[in-house]
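Q: Structure for this input, please:
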Amino acid sequence: MSYIFIYFYLFVGILLVMYYILPKRRRWLVLLAGSMIFYYKLSKTSWNVLIITILISYSMGLLLDYMHNTGKSLIKCRVALAVCLILTTLPLIMTKEGDFVLQSLLHRKTYPWIVPVGLSFYTLQIVSYLVDVSRGRVRAQRNLGKYALFVSFFPQIIQGPIPRYEQMNSQLFDGHSFKEESFIKGIQMIVWGFFLKLMIADKASIVVDAIFLDWEAYRGSYVLVAGILYSIQLYADFLSCLCLAKGVAELFDIHLAENFRQPYLSQSIKEFWGRWHISLSSWLKDYIYIPLGGNRKGKDRKYINLIITFIISGIWHGAGYKYIFWGLMHAFYQIGGEITSNIRDGIFRCIGIEKRGRVRGYIKCLTTCFLVMLAWIIFRAGSLRTGISMLYSMVTVYNPWIFFDDSLLTLGLSWKEWGVLLTSVWLLFKMESLQRNYCIRDKILGQPRVIRWGIYLGAVAVIMVFGTYGYGFDASDFIYGGF
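A: Model (predicted):
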């Protein structure tokens, strides 16, 4: 069962009927039952891991709450929290990093670890809950069923966003009346999610896979094409899953946090991380960067804290040197950007470009996107060595003619499909540009019923006709579902 299959929406429809029939105080039980069934159908082999994790972390939350509110010494509370965090993160560390440590670092035999679906996301969710309980920011949830719902809420468990307990407790447990506006907005998000997945992400993946899987045959400008398309694919794929998750949640009048804010319009790497995967970025800031000291202990310590934070971000995304290197790239991007800020300002002044002018904004935006793309190539490559070789070929192999002959048509997309992909990317860019000035969903909702339903049905028809199906890929696989 996946967000992209019709069976999932039949399942959601049954839950909706049951949810709005029951009394408000009991409606959370429908969400809990639905979450458990969804996760079991999605991953029977790791369902027991989720249940055990919920039981252990629930008990640890009660313990930390008791210790904080009975005046136990700070040292005892910190030791208890450390033990709880080790137990909580151990499954994630073992399953995601175990093979890398055994094979690459210890040169030992590896084991066939079973990685539970959504483990990376709900582990961070539990960690933030336990830390907040130990700090007294929230009280521990004493109802085991409600706590289980918080951890396993089915629209977000696969790819987030990573919620905080105080953001979700009342939304999940209080029950909601049916609201037509929330329901229609949920449908809007679902349609938009399918557009992003089938019209952009899955089309771009055909070319991206062709180049990355046979990178020795595709060098120079081919790598640039792959880097640009992978940047678009990753964004559209991740945003698609989040739109589907937010859309399904809004059918129940539950509102998940925003996780993207037009990240490719950023004018610096620091700004990029304030717009990309916001829930992860804020988690790393609140639970890694600030506890390490943040920027409170001088520049040198600030830079060390940044490096540590981004290394942890890389490790969270996957096992292998390439993920650590990817994290380090972003750390040094930020550090280099801060160190060279005055130099760059001086260069722009010398060539007569205004500090807050539009031209300078375009230059900074394009530079940021290019740097991010270089890091994405490392991120997507089969290994760190492969990624570096691909980047090296970009500056050593000269073949710009591929943009003018038929070379790009040999990568799996015909010229018509290239046209659909580029038109869809343009539409995504246009919609996000318009979104800065007003809410498009509200604008559509304000139209007469005939017009707005014409838009919805027309969008569905276009997706069904021009969306990408087949080509050997599984449309149910979302990229971040592997992290």
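Q: what residues are up against Pro116?
A: Contacts for Pro116 (C-beta atoms under 8 Å, 6 or more residues apart in numbering) come out as 43, 46, 49-50, 91, 95. For the C-beta atoms, the positions are set from N, CA and C on the backbone; glycine is no exception.
Q: how about 7 Å then?
A: For Pro116, the contact set (C-beta atoms under 7 Å, 6 or more residues apart in numbering) comprises 43, 46, 49-50.
Q: next one: Tyr222
A: With contact taken as C-beta under 7 Å, 6+ apart, Tyr222 is in contact with 211, 402.
Q: repeat for Leu32
A: 145, 148-149 are the contacts of Leu32 under C-beta under 7 Å, 6+ apart.
Q: Of those, keep whichever come out buried.
A: Buried subset of the contacts of Leu32 (neighbour count, 16 or more other C-beta atoms under 10 Å): 148-149.
Q: Sitting in helices, which of the contacts of Leu32 do you find?
A: Within the contacts of Leu32, residues falling in helices by DSSP state H are 145, 148-149.
Q: Now do stretch 421-431: everything it contacts.
A: By C-beta under 7 Å, 6+ apart, stretch 421-431 touches 199-200, 203-204, 232, 236, 413, 440.
Q: ok, 8 Å please
A: Contacting residues not belonging to stretch 421-431 are listed as 195-196, 199-200, 203-204, 232, 236, 413, 440 [C-beta under 8 Å, 6+ apart].
Q: Buried ones in it, by neighbour count?
A: Buried residues in stretch 421-431 (16+ other C-beta under 10 Å): 421, 424-425, 428.
Q: out of the contacts of Pro116, which is most surrounded?
A: When those are compared by neighbour count (other C-beta atoms under 10 Å), Leu50 ends up highest, at 24 neighbours.
Q: tell me the contacts of it?
A: Neighbours of Leu50 in contact, by C-beta under 8 Å, 6+ apart: 39, 116, 118, 122, 151-152.
Q: make it 10 Å
A: The neighbours of Leu50, taking C-beta atoms under 10 Å, 6 or more residues apart in numbering as the test, are 35-36, 39-40, 43, 91, 116-119, 122, 148, 151-152, 157.
Q: how close does it sit to Tyr3?
A: The gap separating Leu50 from Tyr3 is 18 Å, by C-beta to C-beta, to the nearest Å.
Q: Ok, Glu432 next?
A: Applying C-beta to C-beta, the value for Glu432 to Tyr3 is 21 Å.
Q: More neighbours: which of those two?
A: A side-by-side neighbour count of Glu432 and Tyr3, using other C-beta under 10 Å, places Tyr3 first with 25 against 17.
Q: Show me the contact partners of stretch 445-460.
A: With C-beta under 10 Å, 6+ apart as the criterion, stretch 445-460 contacts 180-181, 184-185, 187-188, 190-192, 194-195, 199, 439, 443-444, 467.
Q: Now do the buried residues in it.
A: Within stretch 445-460, the residues that count as buried by 16+ other C-beta under 10 Å are 452, 459.
Q: Give me the subset of the contacts of stretch 445-460 that lies in helices.
A: Mapping the contacts of stretch 445-460 onto helices (DSSP H) picks out 180-181, 184-185, 187-188, 190-192, 194-195, 443-444.
Q: Check these and tell me the two furthest apart.
A: Glu180 and Phe195 (22.7 Å; C-beta to C-beta).
Q: of these two, who's got more company?
A: Neighbour count, other C-beta under 10 Å: between Glu180 and Phe195, Phe195 has more, with 24 against 8.
Q: returning to what we had before: most neighbours among the contacts of Leu50, which one?
A: Tyr122 (27 neighbours).
Q: is it true that Gly175 touches Trp28?
A: Yes: using C-beta atoms under 10 Å, Gly175 is in contact with Trp28, at 6.6 Å.
Q: Out of the helices and strands in this protein, which is least certain?
A: Within the chain, no helix or strand scores below helix 440-445, which has a mean of 79 by mean pLDDT, DSSP states H and E.
Q: what's the spacing between that helix and its chain's center?
A: How far helix 440-445 lies from its chain's middle: 25 Å, per C-alpha atoms, centre = their mean, to the nearest Å.
Q: Alpha carbons only: can I get that helix in PDB?
A: The C-alpha trace of helix 440-445 is given here as PDB (Å, rounded to 0.1, in the frame of the first residue of the first chain):
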ATOM      1  CA  ILE A 440      -3.000  29.800  -5.100                       C
ATOM      2  CA  ARG A 441      -5.100  27.200  -3.400                       C
ATOM      3  CA  ASP A 442      -7.300  29.900  -1.800                       C
ATOM      4  CA  LYS A 443      -7.400  31.700  -5.200                       C
ATOM      5  CA  ILE A 444      -8.800  28.500  -6.800                       C
ATOM      6  CA  LEU A 445     -11.100  27.900  -3.900                       C
END
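Q: which stretches of this structure have low pLDDT?
A: Applying pLDDT under 70 to the chain flags the ranges 1, 97-115, 468-483.
Q: Show me the strands in it, by range?
A: Taking DSSP state E, the chain contains no strands at all.
Q: How is it divided into domains?
A: In the domain annotation for the chain, the residue ranges read 6-177, 182-482 (automatic domain parsing).
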